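In: Sequence and computational prediction follow.
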Amino acid sequence: MIDNSAMVWAIIAVLGVGTFLIRFSFLGLIGDRPLPDFLQRLLRYVPVAVLPALVAPQVVWPNATAGVFDPLRFSVGIVTLVVGIVTRQVLAAIIAGAGVLLIGLLITAGA
């Protein structure tokens, strides 16, 4: 852990500038030009890749500091995935996952 608060703020500032430059290089420099077709096809998959990357760690290891696997949350992830694939409906997958989580939490709280 860094004890010097000036160092922390310097790191935050450098990372902020770096993030801005990465985004500006894509949006600012080529934002007014049409993108090639292959790049437009690839960009369609960004949300599909980001959402599972954000959710997966919490599904597999909800308590990462303890390194404990939670079978309830893993089963909720599997149900959500299967419902999403079968129905091709995001809302149906979310509702099914939330329902399984709620029922599982009610069952485990009562036990």
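Out: Structure received.

In: Count residues in the vicinity of the nearest residue to residue 63 once chain neighbours are set aside, would you?
Out: Setting aside the residues directly before and after it, residue 63 is nearest to residue 70 in space (C-beta to C-beta, 6 or more residues apart in numbering), at 7.3 Å. Placement of C-beta: from N, CA and C, glycine included. Number of residues near residue 70 (other C-beta atoms under 10 Å) recorded here: 15.

In: Which helix or strand in the chain has the lowest average pLDDT?
Out: Here the helix or strand of the chain ranked lowest by mean pLDDT, DSSP states H and E is helix 46-60, holding a mean of 83.

In: distance between the longest helix anywhere in the chain and the chain's centre?
Out: Criterion DSSP state H: the longest helix present in the chain is helix 5-30. Taking C-alpha atoms, centre = their mean, to the nearest Å, one finds the center of helix 5-30 at 21 Å from the center of the full chain.

In: pull the CA atoms of whichever helix or strand comes after that helix into CSV?
Out: Next along the chain after helix 5-30, taking DSSP states H and E as the criterion, comes helix 37-43. Output of helix 37-43 as CSV, limited to C-alpha atoms (Å, rounded to 0.1, in the frame of the first residue of the first chain):
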residue,chain,number,x,y,z
ASP,A,37,-16.6,-3.0,-42.3
PHE,A,38,-14.4,-5.6,-40.5
LEU,A,39,-13.9,-3.2,-37.6
GLN,A,40,-17.6,-2.4,-37.3
ARG,A,41,-18.3,-6.1,-37.1
LEU,A,42,-15.8,-6.6,-34.4
LEU,A,43,-17.1,-3.7,-32.4
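
In: Output the contacting helices and strands for helix 37-43.
Out: Of the remaining helices and strands, none touches helix 37-43 by 3 or more C-beta pairs under 8 Å, 6 or more residues apart in numbering; DSSP states H and E.

In: which other helices and strands contact the helix or strand just after the least confident helix or strand of the chain?
Out: Following helix 46-60 in sequence order, the next helix or strand is helix 71-87 (DSSP H and E). On a contact count with 3+ C-beta pairs under 8 Å, 6+ apart, helix 71-87 meets helix 46-60, helix 90-110.
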